[in-house]
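[1] how does the following fold in three dimensions:
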Amino acid sequence: MNWKYEKGRIYGVDENNGLLAETTFNHRKNGEVDIDHTYVDPSLRGQGVAGSMMEVVAKYLRENRLKATASCSYANSWLKKHRYEYADIISEDFDEEGTYPSCGIDGRH
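    Numbers count the residues shown, from 1 in each chain. Predicted coordinates for the structure are as follows:
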């Protein structure tokens, strides 16, 4: 997928500019980010797109020397699963943030 980058958003679109996959994150006052939303179009689910997208997000965070927490349940789970591989991007507050029931943007999940 050809990933596009905006402030607080990494996403991919189809040839008609329809959204295929998206991760959003908010910059926090402490200089870290909160990954608050992930989305994969239903036609692509179960094909590893969300995991690939999170790898792109992790690479972006690493390149920009950012640390992250995740209020999005998928991103939170992914970071926990990959905590040793991506320890340098995970906030020291990550485990203190609690668990989150779901992403909170527009109900697009």
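
[2] tally of neighbours for the nearest residue to A50 once chain neighbours are set aside?
    The spatially closest residue to A50, leaving aside those adjacent along the chain, is V40, at 5.0 Å (CB to CB, 6 or more residues apart in numbering). Every C-beta, even on glycine, is put in place using the N, C-alpha and C of the backbone. Burial measure for V40: 23 neighbouring residues, criterion other CB atoms under 10 Å.

[3] what does W3 give?
    Using other CB under 10 Å as the criterion, the residues surrounding W3 number 16.

[4] so which residues of this protein form strands?
    Read by DSSP state E, the chain holds these strands, from start to end of the chain: 3-6, 9-13, 19-27, 33-40, 68-70.

[5] distance to G48 added to the ones you listed, as TSV?
    Putting the strands of the chain into TSV (distance: least, CB to CB, whole Å) gives the following:
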stretch	distance to G48
strand 3-6	15
strand 9-13	13
strand 19-27	11
strand 33-40	10
strand 68-70	19
